[in-house]
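> with the input below, show me the fold.
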Amino acid sequence: MDMKKVLDVPMSQIAEDSPLPSNPPPTYPILSKRFFRRHGRDVFSCATSWFLVDIVFYSSNLFQSQIYHRFIKDHDPIKNGHQLAFRVARFQAILAICSTIPGYWVTIYFIDRIGRVRIQMIGFFFMAMVYFAIGIPYKFYWHNHINDGFLVLYGFTFFFSNFGPNTTTFIVPAELFPARFRSTCHGISGAVGKVGAIIGTVGFIWASRNQKKDSKPNPERMTVALVLLGVVCLVGLLVTYFFTRETMGRSLEDNENEDDD
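Residues are numbered from 1 along each chain as shown. Coordinates of the predicted model:
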């Protein structure tokens, strides 16, 4: 019945394994009490998880600018702009190879073994721990010691983001909703996530604003910002635990049957 609206060939010319029901269940719009009763919790969990992870993810990406310039210049003086551009690109490539890409591959291996919800919880939890490890001592130590240990911790934020909510927030909305609501609910979740991206971007600009006009960000603000990112990850962990439903082993037909029951 849904495909009839987008097919050029009449449905009567397509052989069906089973005939359509003579009395199909009544449909209902997305802005209705019935929709919110059946799917409101799922929309909330998907949108909120996406919102929270984008706050953290976009802040982490912007934080790179505070890391690689200081790390590169401290270890080897830069002679010209071409040399700086090459070293920054090399730094970003190494970071992706060592953290971002492995996180995706680990997710691919485990996603049908331990499930989407557990992966999302693992990611949020370890991201929180890493941000606390970076943020709490930032003012007293990391602010003046952007070294190899700091880069390892920073790389873990991207690893557990991709072995975690940065991957599962794309997957769960695509598996959780009936066909006629799937794209809309996925779009709502993504749009709410981009609101989180805006908040993360603005928050990072505030945190990195330097009152002393030197090359380093304000240590007090960066400490508060990094600790808050850890708190955001813990909120994401709680939202996932209490509201997100597991879709591992669940066929797309199950969504339609559950919606019709």
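
> residue 38: how many residues sit nearby?
16 (other Cβ atoms under 10 Å). Glycine gets a C-beta too; all of them are placed from N, C-alpha and C.

> err, residue 164, not the other one
28.

> correct me, but it touches residue 130?
No - counting by Cβ atoms under 8 Å, residue 164 does not reach residue 130; the two are 11.3 Å apart.

> contacts only, for the spatially closest residue to residue 247 that is not a sequence neighbour.
Leaving aside its sequence neighbours, residue 247 sits nearest to residue 175 (Cβ to Cβ, 6 or more residues apart in numbering; 4.0 Å). By Cβ atoms under 8 Å, 6 or more residues apart in numbering, residue 175 lies in contact with 116, 247, 250, 252, 255.

> and the third one, what are its phi and psi?
As for residue 250, its main-chain torsions (degrees, to the nearest 10) stand at phi -100, psi 120.

> also the second one?
Backbone geometry at residue 247, expressed as degrees, to the nearest 10, gives phi -120, psi 0.

> quick one: which helix or strand includes residue 228?
Assigned by DSSP states H and E, residue 228 belongs to helix 219-243.

> pLDDT of that helix, averaged?
The average pLDDT within helix 219-243 is 91.

> next, the buried residues of that helix.
For helix 219-243, a neighbour-count test (16 or more other Cβ atoms under 10 Å) marks 219, 221-230, 232-237, 239-240 as buried.

> just to revisit the earlier point, which SS state does the residue nearest to residue 247 fall under?
helix (DSSP: H, G, I helix; E, B strand; the rest coil).

> tell me where this structure has helices.
33-75, 81-95, 101-110, 116-135, 148-162, 165-176, 179-208, 219-243, 252-260 (DSSP state H).

> contacting residues for residue 195?
51, 54.

> residues in contact with stretch 34-50: which ones?
Contact with stretch 34-50 is made by 28-29, 120, 165, 168-169, 172-173, 176-177, 181, 185-186, 188-190, 192-193, 196, 236, 239-240, 243-245, 259, as judged by Cβ under 8 Å, 6+ apart.
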